[in-house]
Each structure stands twice: as C-alpha cells, then as structure tokens.
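Asks: Sharing a model that was predicted from the sequence below.
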Amino acid sequence: MIMSGDKVMVTGGESMIGRAICQELKSLGAEVDPVPHSECDLLLEEPIMKRMAMFGPKYVIHAAGWNGGIGWNKEYPATIYKRTAQMALNVYSCAAMCGGVKKVVGILASCSYPDSKSPYFQECHLWNGLPNPTVECHGLSKRIIADFGRQIAKQTDVKCVYCILNNCYGPHDSYHPDKTKVVGALIRRFVEAKQQNLPEVVCWGSGAPLRDFIYAEDAGRAVVKCLMTYSDPTGGLNITTGNEVSIKDLSLMIAELVGYDGDIVWDTDKPDGQMRKSLSNTKQREIFYMDWTPIREGLAKTIEWYINNKEAADAKGF
C-alpha cells in the first residue's frame with residue numbers, strides 16, 4: 001500500500017503512460033520523481049545512481065523505452081533493442097545497488113508475447129516463442145525486464161515484478177508519424193483529413209486485426225495497483241480490459257468522432273502485424289478490480305486533447 005509521503009521514481013515519467021502513473025501516485029499522496037530524459041540519461045548508470053541517491057526512492061516504476069511504429073521498428077531494430085534493453089538493465093542495476101529501494105515494477109508491452117497461432121495469452125506463455133517480426137525488436141528488449149528482474153530478486157532483497165500492458169492510447173502521446181502507434185496514427189490522419197477536406201484516408205493493412213485498447217489514465221491506475229498488490233517475481237501480470245475491437249471498426253469510430261465523412265481505403269500491401277493479441281485477465285481479476293473507460297469515451301477525450309495540442313503532439317519525437 002502506498003503511504004502518504006512514500007517516494008516513487010518513475011522512469012519515462014513524461015510519456016503518456018508515465019504521466020498517468022505519476023498522476024495516480026500523487027493522488028495517493030506519494031512524492032514522485034518523473035525522471036525527465038533531459039535531466040537523466042538512462043543509457044548511463046552514473047546519472048541514474050546520482051538521481052536515486054538524491055531522491056531516495058522506496059519504489060521504482062520503469063516505464064521508459066525507445067520505440068516507434070511498425071515502420072520505425074523495421075528501420076532501426078538493433079537500435080531499438082539496444083537502447084530499450086540498456087535502459088532497463090541500468091535502472092534495475094542501480095535500484096539493486098543504491099539501497100533503500102524495496103520494489104521495482106517493470107512494464108512490458110503485449111508485443112512481447114510470441115507470434116502464436118493461439119491468440120489468447122496467459123502470463124505463462126511469455127517465453128513460448130519469438131514475438132511477431134514487425135515488433136520483435138521492441139518485444140524482446142522488454143522481456144529483459146522480466147528476466148533480469150527475476151535474477152535481482154534472487155540475489156537481493158529488492159522485489160522485482162512486472163506487468164504486461166495491452167495497447168494504450170490517450171492524451172500526451174506522441175503523434176509524430178515515426179513514433180505514434182495505431183490509435184494515434186489514425187486520429188492524426190482523420191483529423192488532418194477533416195481539416196484539409198481530403199476525399200479519402202488511406203490506412204495500413206486490411207483492418208482485420210483485433211486489439212484491446214486501454215485508455216492511458218486506466219493504465220496508470222492499473223500499474224500503481226500492480227505496485228501495491230503484486231509481489232511474484234517469477235511471473236508477470238497481464239493488464240487488459242478484456243474487450244477487443246477490430247482496426248477497421250476503430251477507424252470507423254474515430255472517423256465518426258472527428259466528423260470525417262470521406263472514404264476509407266485499406267492499403268493491403270502494408271503489413272497487418274499480429275492478427276490478434278488477446279490477453280487473459282483471469283490473474284488480474286483475482287488480484288485487483290478495475291473500472292475501464294469505454295473506448296468511445298476514451299477516444300473522444302483523446303481526439304479533443306489532440307486537436308487542442310496538435311502542433312506539440314505532432315512534433316513530439318524521440
């Protein structure tokens with residue numbers, strides 16, 4: 001349980017998910033250090049150790065990573081893998097060495113799961129194969145959180161646990177074309193098509209893949225619940241709403257909310273990615289309860305935020 005005044009360090013605290021985590025922690029009375037990249041280079045151990053020594057965190061939530069959309073993954077797989085893995089190794093090493101840290105929570109993405117013919121993933125399936133080729137670099141680099149954290153928990157008194165987040169969306173995400181994910185990319189395309197009165201919007205793939213989308217504020221609350229309630233270093237905890245929508249239906253919903261009435265064209269020469277990534281929520285429901293924001297409501301809030309912050313959101317890159 002978070003006590004008023006507990007110190008929590010959140011890497012990636014200026015990201016969409018990081019902001020939501022920090023907001024939830026502050027609402028519980030915690031003292032939070034969001035670790036801006038401009039102030040602390042997570043690719044190096046020394047600045048992390050100095051920051052931990054100055055702040056003195058009791059808990060660490062590692063939400064940082066370096067990744068982008070499918071095109072970015074294809075262009076820079078080795079760089080994505082090295083940077084994301086290096087940040088995790090450094091943060092966890094420093095948490096184990098600095099003294100005072102009682103628990104570390106790492107965040108994996110659902111793309112860490114194998115590219116399996118069975119689309120329904122329980123936590124025990126994480127190591128059953130390689131991720132889908134379109135996201136392999138990011139998915140594998142995030143698995144290091146699970147593996148290294150387990151070794152630290154065996155060697156030290158620091159509890160290391162991890163949760164596996166399904167696809168997230170919301171305010172404060174990047175809408176840079178190289179970095180944004182499917183919801184952000186679609187929102188930007190439809191908003192710009194509406195503003196420019198374009199006759200059609202071209203979307204990647206067939207629109208058939210199914211995804212479970214989590215509103216960022218809900219994801220932040222769930223990660224904090226994981227910090228407070230989950231303590232098994234030998235396996236992860238899925239965080240998922242249990243509700244799926246096809247990319248085609250998602251596109252139609254965004255177009256309607258934006259007020260775009262042009263044509264939607266599907267470029268089937270572009271990859272779909274994994275056709276389905278359904279995460280089991282059985283373990284999650286046994287540990288804590290969540291009220292999830294309906295996707296239509298979350299999309300409406302996100303679109304409103306994006307329109308009001310478009311210039312900064314579009315420029316937010318790496």
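Replies: Everything's here; your move.
Asks: pLDDT wise, what is the nearest residue to D263 once chain neighbours are set aside at?
Replies: Spatially, and ignoring its direct neighbours in sequence, D263 is nearest to E200 (4.1 Å; C-beta to C-beta, 6 or more residues apart in numbering). Backbone N, C-alpha and C define where each C-beta goes, glycine included. The per-residue pLDDT reported for E200 equals 96.
Asks: same for the helix or strand of the chain with the lowest mean pLDDT, what does it pack against?
Replies: One helix or strand of the chain scores below all others by mean pLDDT, DSSP states H and E: helix 70-75, with a mean of 82. Under the contact criterion of 3 or more C-beta pairs under 8 Å, 6 or more residues apart in numbering; DSSP states H and E, helix 70-75 touches helix 136-155.
Asks: ok, then the element right after the helix it packs on?
Replies: As assigned by DSSP states H and E, the chain's next helix or strand after helix 136-155 is strand 159-165.
Asks: Output that next one as CSV - backbone C-alpha positions only.
Replies: Output of strand 159-165 as CSV, limited to C-alpha atoms (Å, rounded to 0.1, in the frame of the first residue of the first chain):
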residue,chain,number,x,y,z
LYS,A,159,11.3,-7.2,-5.1
CYS,A,160,11.1,-7.0,-8.9
VAL,A,161,7.8,-7.6,-10.6
TYR,A,162,6.4,-6.8,-14.0
CYS,A,163,3.1,-6.2,-15.7
ILE,A,164,2.2,-6.7,-19.3
LEU,A,165,0.2,-3.9,-20.8
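Asks: and the angle from it to helix 136-155?
Replies: Strand 159-165 runs at 160 degrees relative to helix 136-155, counting by axes from the mean of the first three to the mean of the last three C-alpha atoms, to 10 degrees.
Asks: Now find how far off-centre the helix or strand that strand 159-165 is followed by is within its chain.
Replies: On the C-terminal side of strand 159-165, the closest following helix or strand by DSSP H and E is strand 167-169. For strand 167-169, the separation from the chain centroid amounts to 7 Å (computed by C-alpha atoms, centre = their mean, to the nearest Å).
Asks: for stretch 167-180, same thing?
Replies: Chain-centre distance of stretch 167-180: 10 Å, with C-alpha atoms, centre = their mean.
Asks: Report the buried residues of it.
Replies: Under the neighbour-count criterion of 16 or more other C-beta atoms under 10 Å, stretch 167-180 has 167-177, 179-180 buried.
Asks: Give me the lowest-pLDDT entry from those residues.
Replies: Taking these together, the minimum pLDDT is found at K179 (77).
Asks: Just give the nearest non-adjacent residue to that residue, would you?
Replies: Leaving aside its sequence neighbours, K179 sits nearest to G68 (C-beta to C-beta, 6+ apart; 4.4 Å).
Asks: If you count contacts, what does the top helix by length along the chain end up packed against?
Replies: Across the chain, the longest stretch assigned as helix under DSSP state H is helix 77-98. Applying 3+ C-beta pairs under 8 Å, 6+ apart, we find helix 77-98 packed against helix 45-55, strand 59-62, strand 103-109, helix 136-155.
Asks: now the angle from the first one to helix 77-98?
Replies: Just to be clear, that refers to helix 45-55. 40 degrees.
Asks: May I see the buried residues of helix 45-55?
Replies: For helix 45-55, a neighbour-count test (16+ other C-beta under 10 Å) marks 45, 47-49, 51-52, 55 as buried.
Asks: TSV please, covering these and showing distance to R83 and pLDDT.
Replies: Formatted as TSV, the buried residues of helix 45-55 follow (distance: C-beta to C-beta, whole Å; pLDDT from 0 to 100):
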residue	distance to R83	pLDDT
E45	14	97
P47	15	97
I48	14	97
M49	19	97
R51	18	97
M52	20	97
F55	23	97
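Asks: Which other helices and strands does the helix or strand hosting L186 contact?
Replies: According to DSSP H and E, L186 maps onto helix 182-196. Where contact means 3+ C-beta pairs under 8 Å, 6+ apart, helix 182-196 is packed against strand 167-169, strand 200-204, helix 247-258, helix 295-308.
Asks: could you redo the last one with a cut-off of 10 Å?
Replies: Contacts defined by 3 or more C-beta pairs under 10 Å, 6 or more residues apart in numbering; DSSP states H and E place helix 182-196 against helix 70-75, strand 167-169, strand 200-204, strand 213-215, helix 247-258, strand 263-267, helix 295-308, helix 310-315.
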